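Engineer: structure for this input, please:
(2 chains)
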Amino acid sequence: MTTDVDTPVRAKNTPEEEPSGAGRSERLSALAQQHGALVTLIVAMIAASLSFDTFLTGDNLENMALSSAFLAVVALGMTFVIVTGGIDLSVGSLFALGGVLAAWASRYGTVVALLLPLAVCGLIGLVNGLLIARSRLAPFIVTLASMLGARGILLSVTDEGSKTYLVDKESFFAKLGQGALLGVGVPVWITVALFVLGAVVLRRTRFGQYVYAVGGNEDAAALMGAPVARTKISVYTLSGLCAGLAGALNAAWLASGVTILGSGMELEAISAVVIGGTLLTGGFGFISGSLVGVLLLKVIQNVINQIGSLDSAYQQVVSGAFLAVVVIAQTWLGRRRRVL
Amino acid sequence: MTDLTLGRVTADRDRLLGLLQEYGVYLGVVALFLVNTVFTPHFLSTENFRTQAVQVAPVLIVALGMALAIGSEGVDLSVGSAMALSTSLLSLYLGYGPGVAILIALVGGAVIGVANGSLIAFVGVQPIVATLALMVAGRGLALVLLPQLKVVQDPAMAKLGSGDVLGVPYVVLIAVGLALLVAFVVRRTTFGRQLLAIGDSRPAARLAGLPVRRVLILVYVCSGVLAAVAGVLATARLTASDPSSLGNLMELSAITAVVVGGTPLSGGRVRIGGTVAGAVLIQLLTTTLIKHDLPPSWTQIAQAVVIVLAVYAARERGKR
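Structural biologist: Predicted coordinates:
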């Protein structure tokens, strides 16, 4: 929707592909763009562990990893969407809807509890994609509408939000959320596996290259013969699936489908993706960055909780300011790379 | 011969479609109004009209600012947070008298607008991200200033919230006045013309020597201040400041009103009349569903459908 003329189209996705004669400062700014979030994360973690004895404890790290896992899965789908130059505002509602559907369906067994949210959320994602790619409506407004629509569906399946479906704590489905493997929660393992898979798909498959091509320059991608519409439809479907799965896992973890969860999650996911170095203009981004972005947001949250005397509202101030700093830095770095 | 007739039929259909796209929102308002007159008991009462008007006023005021932002090919997601910040500031400074407090609340909105505008105009950040950052930070700031709900006890504020002139509440009068003002600004002032030119094509506007940055900042300041006005009025209505919930999802309602009103998201065009009608349409739709005991879930689904239909119609218009 907002194509800024100031932003150069990035055809080059990886620093390796750049001309070897590139200047040192260009490489530096590319590095900063790619790894800035990671460096900040490491610095923040060192600072936090020096300041608080309770930060680097097993319990605290495990809690952080678990609470990051669900957002990370949502951010994974969002990364694909944002790399194509789009945006998906419906993920928060789909997360909540997925959780409620999974909790409701868990009485029919684990398979149903996983398939139902995936089917419904994937379908809504598919509709998003069709409206965006085939009818050429703005992603922003289409996913805004489906955000409202999905929340409406959520309310109607829960008796206007008054009914909470519980998951039997002894079921295999609940184990999927609460169990642990080698001392690490199952959702964390699933998230890591999905990220590895996502990174391979985005980097090493034809579909991944189409995603970059569509985000870099849609018309050029179409001229090259890339299936633009199909790629767009796929990424929105993927985003819906990720949100639904994250919701289902969250429901398994909490052992209930909580209806009020997920509002504002789309913004958290977008923030994480942007902080991770993916450009909202499309054509440039990495899966690993989004994971770092999610972790960074959670570390900030954790540190503010640790301080204790600070109100949790400070977390929002810090996150917002941080997001602003990141986009300013990105724009600046991007401009520098273009000039040089 | 057949070709000729066919051609005329298509042309007529195109024109009809165009008219429908142009005036569809008004048609929708009239249709819903008639349906309610026939099917909803006590719809045609003064009390009902007053309630509806008072409920729609804050959304409308925010939507006016949003229309300006969208007309400049941007969007302002921080309006809800600007409302929250204004209500926090208002109740913090109420000790200095309502006049000063309201002024400070409006300045708070303007500051959010300046921050948005600077990020967009000087740094070149996309409006969606810049205002997203301010949306998160603004709400946080509002909560830092005023951690929980606070009752506002001030006779002047109470009067502003529930007083009226000849039966028309102040809140509604202010909303109507602001709508007229914004319509005048868009149509008749240099600023309005520059805004539309920038929304149409920013490079062209720059080449034509327009003060692009200044205009963009001013657009977001307007949006922030209008949101702050809505925040002040909502506080006066509720006689309480609640920064954690005031203005939640307001950006969605405002964007819906603007888009349903026929302002294209691609910028370069602002329809204030349509925005007013869009806000009224959504309000009437909600009322219709509620008065007929349909659950709120239906309202949200209906809103989603209306948004998609409105954007779909706008797309056709943009093509020609």
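Engineer: make it CA atoms for all contacts and neighbour counts henceforth
Structural biologist: OK.
Engineer: for the residue in the stretch 151-300 of chain B positioned nearest to chain A, what are its contacts?
Structural biologist: Relative to chain A, the nearest point of the stretch 151-300 of chain B is B:S297 (4.0 Å; CA to the nearest CA). Counting by CA atoms under 8 Å, 6 or more residues apart in numbering or on different chains, B:S297 touches A:R151, A:G152, A:I153, A:L154, A:L155, A:S156, A:E160.
Engineer: list the buried ones in stretch A:159-176?
Structural biologist: By 16 or more other CA atoms under 10 Å in any protein chain shown, the buried positions in stretch A:159-176 come out as A:E160, A:G161, A:Y165, A:L166, A:V167, A:D168, A:F172, A:F173, A:A174, A:K175, A:L176.
Engineer: now do stretch B:142-150
Structural biologist: Going by 16+ other CA under 10 Å, stretch B:142-150 has these buried residues: B:A142, B:L143, B:V144, B:L145, B:L146, B:P147, B:K150.
Engineer: before we move on, what about stretch B:159-171?
Structural biologist: Buried-residue list, stretch B:159-171, by 16+ other CA under 10 Å: B:L160, B:G161, B:S162, B:G163, B:P169, B:Y170, B:V171.
Engineer: next: stretch B:305-314.
Structural biologist: Per 16+ other CA under 10 Å, stretch B:305-314 contains these buried residues: B:V305, B:V306, B:I307, B:V308, B:A310, B:V311, B:Y312, B:A313, B:A314.
Engineer: picking up where we left off before, now the residue of the stretch 151-300 of chain B closest to chain A. Nearest residue, chain neighbours left out?
Structural biologist: A:G152 (4.0 Å; CA to CA, 6 or more residues apart in numbering or on different chains).
Engineer: phi and psi next, for B:A208.
Structural biologist: Main-chain torsions, B:A208, degrees, to the nearest 10: phi -80, psi 0.
Engineer: before we move on, the earlier item: lowest-confidence entry in the buried residues of stretch B:305-314?
Structural biologist: Among the buried residues of stretch B:305-314, B:A314 has the lowest pLDDT, at 69.
Engineer: ok, which stretches of the stretch 101-250 of chain A are strands?
Structural biologist: A:180-181, A:184-185 (DSSP state E, counting those that start in this stretch).
Engineer: run a quick neighbour tally on A:V91.
Structural biologist: Per other CA atoms under 10 Å in any protein chain shown, the neighbour tally for A:V91 reads 37.
Engineer: which of the residues in the host helix or strand of A:M45 are buried?
Structural biologist: A:M45 belongs to helix A:24-51 when assigned by DSSP states H and E. Residues of helix A:24-51 classed as buried by neighbour count (16+ other CA under 10 Å): A:26, A:29-30, A:32-38, A:41, A:44-45, A:48.
Engineer: which of the buried residues of stretch B:159-171 are close to chain A?
Structural biologist: Checking the buried residues of stretch B:159-171 against chain A by CA under 8 Å from any CA of the partner chain, not one of them is in range.
Engineer: what is the nearest of those to B:T190?
Structural biologist: B:V171 (28.8 Å; CA to CA).
Engineer: give the contact list for that closest one.
Structural biologist: B:V54, B:A57, B:L160, B:G161, B:S162, B:L233.
Engineer: adding secondary structure, write those out as a markdown table.
Structural biologist: Shown next, in a markdown table, are these (DSSP: H, G, I helix; E, B strand; the rest coil):
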| residue | secondary structure |
| --- | --- |
| B:V54 | helix |
| B:A57 | helix |
| B:L160 | helix |
| B:G161 | helix |
| B:S162 | helix |
| B:L233 | helix |
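Engineer: what segments of chain B are strands?
Structural biologist: B:150-151, B:164-165, B:168-169, B:240-241 (DSSP state E).
Engineer: so which of the ones you listed is nearest A:G99?
Structural biologist: strand B:240-241 (32.9 Å).
Engineer: for the closest one, name the packing helices and strands.
Structural biologist: helix B:79-92, strand B:150-151 (3 or more CA pairs under 8 Å, 6 or more residues apart in numbering or on different chains; DSSP states H and E).
Engineer: possible to save those as CSV with distance to A:G92 and mean pLDDT?
Structural biologist: What follows is the helices and strands packed on strand B:240-241, written out as CSV (distance: least, CA to CA, whole Å; pLDDT from 0 to 100):
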stretch, distance to A:G92, mean pLDDT
helix B:79-92, 18, 92
strand B:150-151, 30, 83
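Engineer: any chance of a markdown table for these, columns distance to B:A175?
Structural biologist: A markdown table is the format used below for the helices and strands packed on strand B:240-241 (distance: least, CA to CA, whole Å):
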| stretch | distance to B:A175 |
| --- | --- |
| helix B:79-92 | 15 |
| strand B:150-151 | 24 |
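Engineer: most packed of those?
Structural biologist: Highest mean neighbour count of the helices and strands packed on strand B:240-241: helix B:79-92, a mean of 32 (counted as mean count of other CA atoms under 10 Å in any protein chain shown).
Engineer: by contact count, what packs against that helix?
Structural biologist: Against helix B:79-92 (3+ CA pairs under 8 Å, 6+ apart) you get helix B:98-118, helix B:127-145, helix B:212-238, strand B:240-241, helix B:250-260.
Engineer: those: which one's closest to A:D59?
Structural biologist: Here helix B:127-145 is closest among the helices and strands packed on helix B:79-92 (CA to CA), at 27.8 Å.
Engineer: and the closest one, how far out from the chain middle?
Structural biologist: Helix B:127-145 has its C-alpha centroid displaced from the chain centroid by 18 Å (CA atoms, centre = their mean, to the nearest Å).
Engineer: that helix packs against which elements?
Structural biologist: Going by 3+ CA pairs under 8 Å, 6+ apart, helix B:127-145 lies up against helix A:313-339, helix B:79-92, helix B:98-118.
Engineer: can you put those helices in CSV and add distance to A:F55?
Structural biologist: Converted to CSV, the helices and strands packed on helix B:127-145 look like this (distance: least, CA to CA, whole Å):
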stretch, distance to A:F55
helix A:313-339, 17
helix B:79-92, 32
helix B:98-118, 34
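Engineer: where among these is the average confidence lowest?
Structural biologist: Sorting the helices and strands packed on helix B:127-145 by mean pLDDT places helix A:313-339 lowest, at a mean of 72.
Engineer: does that helix reach chain B?
Structural biologist: Yes - Helix A:313-339 lies within reach of chain B by CA under 8 Å from any CA, at A:313-321, A:323-324, A:327-328, A:331-332.
Engineer: also stretch A:97-117?
Structural biologist: No - interface with chain B: stretch A:97-117 contributes nothing (CA under 8 Å from any CA), its closest point being 12.7 Å away.
Engineer: that stretch: end-to-end distance?
Structural biologist: 7 Å (CA to CA, to the nearest Å).
Engineer: list the buried ones in that stretch?
Structural biologist: Those buried within stretch A:97-117 under the rule 16+ other CA under 10 Å are A:97-107, A:110, A:112-117.
Engineer: right, and the helices and strands packed on helix B:127-145 - which one's nearest B:V258?
Structural biologist: helix B:79-92 (13.7 Å).
Engineer: shaky segments in the chain?
Structural biologist: Defaulting to chain A. A:1-23, A:26, A:33, A:161, A:259, A:262-263, A:308-312, A:334-340 (pLDDT under 70).
Engineer: wait, chain B
Structural biologist: In chain B (pLDDT under 70), the answer is B:1-11, B:314-320.
Engineer: what sits against the residue nearest to the spatial centre of it?
Structural biologist: Against the mean C-alpha coordinate of chain B, by CA atoms, centre = their mean, the closest residue is B:A63 at 0.7 Å. By CA under 8 Å, 6+ apart, the contact set of B:A63 is B:S253, B:A254, B:I255, B:A257, B:V258, B:T275, B:A279.
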